[in-house]
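1. What follows is a predicted structure for the sequence shown.
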Amino acid sequence: MTGKITQLFIFQLLIALTLSGCATVSGGTGDESEVRADANFQGTDCILIRTIRDYRPLDKSHLLISSSSKRSYFVTLFWPAYELRHSTSLRFESRDSQLCPYGGDAIIFGTFSQESVSIRAISRVTEEEKLELLVQYGIIERAEQKPPEPAIVKGAEVEEQD
(Lines give C-alpha, C1' and ligand atoms only; values in the text may rest on other atoms or scores of the structure.)
Protein backbone atom coordinates (compact mmCIF):
# COMPACT_ATOMS: atom_id res chain seq x y z
CA MET A 1 0.00 0.00 0.00
CA THR A 2 2.84 2.43 0.82
CA GLY A 3 4.39 1.69 -2.59
CA LYS A 4 1.23 2.95 -4.34
CA ILE A 5 1.12 6.05 -2.13
CA THR A 6 4.77 6.78 -2.90
CA GLN A 7 4.15 6.33 -6.64
CA LEU A 8 1.08 8.60 -6.45
CA PHE A 9 3.07 11.24 -4.55
CA ILE A 10 5.92 11.14 -7.09
CA PHE A 11 3.43 11.33 -9.98
CA GLN A 12 1.71 14.38 -8.42
CA LEU A 13 5.08 16.02 -7.76
CA LEU A 14 6.12 15.53 -11.41
CA ILE A 15 2.84 17.03 -12.65
CA ALA A 16 3.21 20.01 -10.30
CA LEU A 17 6.79 20.64 -11.47
CA THR A 18 5.80 20.32 -15.12
CA LEU A 19 2.90 22.75 -14.74
CA SER A 20 4.98 25.26 -12.81
CA GLY A 21 7.55 25.19 -15.61
CA CYS A 22 4.83 26.08 -18.10
CA ALA A 23 3.48 28.97 -16.04
CA THR A 24 4.24 32.49 -17.20
CA VAL A 25 4.85 35.49 -15.05
CA SER A 26 3.77 38.87 -16.32
CA GLY A 27 6.63 41.35 -16.49
CA GLY A 28 4.45 44.41 -16.21
CA THR A 29 1.26 46.05 -17.23
CA GLY A 30 1.79 45.64 -20.94
CA ASP A 31 2.10 49.40 -21.44
CA GLU A 32 5.90 49.28 -21.50
CA SER A 33 7.64 49.74 -24.82
CA GLU A 34 9.42 46.89 -26.56
CA VAL A 35 12.70 48.75 -26.16
CA ARG A 36 12.49 48.68 -22.36
CA ALA A 37 11.85 44.93 -22.40
CA ASP A 38 15.25 44.52 -24.08
CA ALA A 39 17.10 47.25 -22.18
CA ASN A 40 19.90 44.91 -21.14
CA PHE A 41 20.84 44.44 -24.81
CA GLN A 42 20.91 40.64 -24.64
CA GLY A 43 18.75 40.33 -27.74
CA THR A 44 18.40 37.61 -30.31
CA ASP A 45 17.79 39.85 -33.31
CA CYS A 46 19.27 38.96 -36.69
CA ILE A 47 20.68 41.19 -39.43
CA LEU A 48 20.49 40.45 -43.15
CA ILE A 49 24.15 40.38 -44.15
CA ARG A 50 23.53 42.05 -47.51
CA THR A 51 22.04 45.10 -45.73
CA ILE A 52 25.07 45.77 -43.49
CA ARG A 53 26.60 49.10 -44.53
CA ASP A 54 28.81 50.28 -41.68
CA TYR A 55 30.08 49.43 -38.22
CA ARG A 56 31.55 51.29 -35.30
CA PRO A 57 33.63 49.56 -32.64
CA LEU A 58 32.77 50.63 -29.08
CA ASP A 59 35.36 48.52 -27.27
CA LYS A 60 36.96 45.09 -27.74
CA SER A 61 33.69 43.22 -27.18
CA HIS A 62 30.96 45.54 -28.49
CA LEU A 63 30.13 47.26 -31.76
CA LEU A 64 27.30 49.07 -33.49
CA ILE A 65 26.29 47.83 -36.93
CA SER A 66 24.26 49.99 -39.30
CA SER A 67 22.09 48.52 -42.02
CA SER A 68 20.79 50.02 -45.25
CA SER A 69 17.34 50.59 -43.79
CA LYS A 70 18.84 53.06 -41.27
CA ARG A 71 18.53 50.52 -38.50
CA SER A 72 21.24 50.14 -35.90
CA TYR A 73 22.18 47.04 -33.95
CA PHE A 74 24.22 46.67 -30.77
CA VAL A 75 26.38 43.55 -31.08
CA THR A 76 28.05 41.81 -28.13
CA LEU A 77 30.84 39.32 -28.84
CA PHE A 78 31.60 36.18 -26.82
CA TRP A 79 35.16 37.29 -26.06
CA PRO A 80 37.29 40.37 -26.75
CA ALA A 81 38.51 40.82 -30.31
CA TYR A 82 41.77 42.74 -30.23
CA GLU A 83 41.61 43.46 -33.97
CA LEU A 84 38.17 45.10 -33.68
CA ARG A 85 39.32 48.66 -32.92
CA HIS A 86 41.87 48.72 -35.76
CA SER A 87 40.23 46.60 -38.43
CA THR A 88 39.17 48.22 -41.68
CA SER A 89 36.74 45.54 -42.76
CA LEU A 90 34.43 42.85 -41.46
CA ARG A 91 33.61 39.45 -42.88
CA PHE A 92 30.95 37.10 -41.66
CA GLU A 93 30.61 33.37 -41.09
CA SER A 94 27.02 32.23 -41.37
CA ARG A 95 25.14 29.26 -42.72
CA ASP A 96 22.49 31.48 -44.29
CA SER A 97 22.04 35.10 -45.34
CA GLN A 98 21.53 36.39 -41.80
CA LEU A 99 23.92 37.26 -38.99
CA CYS A 100 22.43 35.92 -35.74
CA PRO A 101 23.68 35.34 -32.19
CA TYR A 102 23.02 31.61 -32.48
CA GLY A 103 23.85 28.85 -34.92
CA GLY A 104 27.59 29.44 -34.85
CA ASP A 105 27.54 32.78 -36.68
CA ALA A 106 30.73 34.79 -36.24
CA ILE A 107 32.46 37.98 -37.33
CA ILE A 108 35.98 37.94 -38.81
CA PHE A 109 38.01 41.09 -38.17
CA GLY A 110 40.95 42.54 -40.01
CA THR A 111 42.27 42.39 -43.51
CA PHE A 112 45.18 40.04 -42.91
CA SER A 113 44.11 38.54 -39.60
CA GLN A 114 41.73 35.64 -39.44
CA GLU A 115 40.41 36.42 -35.93
CA SER A 116 36.92 34.96 -35.85
CA VAL A 117 34.69 35.75 -32.87
CA SER A 118 31.26 34.28 -32.18
CA ILE A 119 28.33 36.56 -31.40
CA ARG A 120 26.75 36.56 -27.93
CA ALA A 121 23.85 38.98 -28.60
CA ILE A 122 22.40 41.30 -31.22
CA SER A 123 19.86 43.94 -30.21
CA ARG A 124 18.18 46.45 -32.47
CA VAL A 125 18.50 49.94 -30.97
CA THR A 126 16.71 53.23 -31.55
CA GLU A 127 18.55 56.45 -32.40
CA GLU A 128 18.28 57.59 -28.77
CA GLU A 129 19.72 54.29 -27.50
CA LYS A 130 22.49 54.48 -30.10
CA LEU A 131 23.48 57.96 -28.91
CA GLU A 132 23.35 56.80 -25.28
CA LEU A 133 25.64 53.86 -26.10
CA LEU A 134 28.09 56.17 -27.88
CA VAL A 135 28.17 58.38 -24.78
CA GLN A 136 28.45 55.38 -22.44
CA TYR A 137 31.48 54.00 -24.30
CA GLY A 138 33.15 57.43 -24.54
CA ILE A 139 32.90 57.78 -28.32
CA ILE A 140 31.02 61.09 -28.08
CA GLU A 141 30.32 63.50 -25.26
CA ARG A 142 26.86 64.24 -23.99
CA ALA A 143 25.57 67.55 -25.34
CA GLU A 144 25.25 70.16 -22.62
CA GLN A 145 21.72 71.44 -22.33
CA LYS A 146 21.40 75.13 -21.61
CA PRO A 147 18.72 76.11 -19.14
CA PRO A 148 15.78 77.69 -20.91
CA GLU A 149 15.67 81.47 -21.02
CA PRO A 150 12.97 82.90 -18.79
CA ALA A 151 9.92 83.89 -20.73
CA ILE A 152 9.14 87.59 -21.03
CA VAL A 153 5.74 88.27 -19.58
CA LYS A 154 4.00 91.57 -20.31
CA GLY A 155 2.83 93.42 -17.27
CA ALA A 156 5.32 91.77 -14.97
CA GLU A 157 7.62 94.74 -14.62
CA VAL A 158 9.16 95.42 -11.26
CA GLU A 159 8.31 98.73 -9.64
CA GLU A 160 10.77 100.43 -7.41
CA GLN A 161 9.38 101.65 -4.14
CA ASP A 162 10.62 104.83 -2.44
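-> Received it, and whenever you're ready, just let me know what you need.
2. Give the helix, strand or coil label for L131.
-> Following DSSP: H, G, I helix; E, B strand; the rest coil, L131 is assigned to helix.
3. Could you find the closest non-adjacent residue to it?
-> Nearest residue to L131, sequence neighbours excluded (CB to CB, 6 or more residues apart in numbering): I140, at 7.4 Å. Heads up, the C-betas are built off the backbone N, CA and C, glycines and all.
4. can you check S94 too?
-> Nearest non-adjacent residue to S94, counting by CB to CB, 6+ apart: D105, 4.6 Å away.
5. quick one: contacts for the one you found?
-> D105 makes contacts with 92-95, 98-99, 118-119, as judged by CB atoms under 8 Å, 6 or more residues apart in numbering.
6. Surely the residue nearest to L131 and L134 touch.
-> Yes. Counting by CB atoms under 8 Å, I140 touches L134, with 4.6 Å between them.
7. Tell me the first helix or strand C-terminal of the lowest-mean-pLDDT helix or strand in the chain.
-> Within the chain, no helix or strand scores below helix 34-37, which has a mean of 38 by mean pLDDT, DSSP states H and E. Using DSSP states H and E, the helix or strand that follows helix 34-37 in sequence is strand 47-48.
8. Counting by contacts, list what that next one packs against.
-> Counting contacts by 3 or more CB pairs under 8 Å, 6 or more residues apart in numbering; DSSP states H and E, strand 47-48 packs against strand 62-67, strand 98-99.
9. Quick check: next helix or strand after the host helix or strand of V75?
-> V75 is part of strand 72-77, with elements assigned from DSSP H and E. Proceeding N to C from strand 72-77, the next assigned helix or strand is strand 90-93, under DSSP H and E.
10. Sheet-wise, list the partners of that following strand with their directions.
-> Take DSSP bridges as the rule and strand 90-93 pairs in its sheet with strand 106-109 (antiparallel).
11. pLDDT averaged over the partner strand - what is it?
-> For strand 106-109, mean pLDDT is 89.
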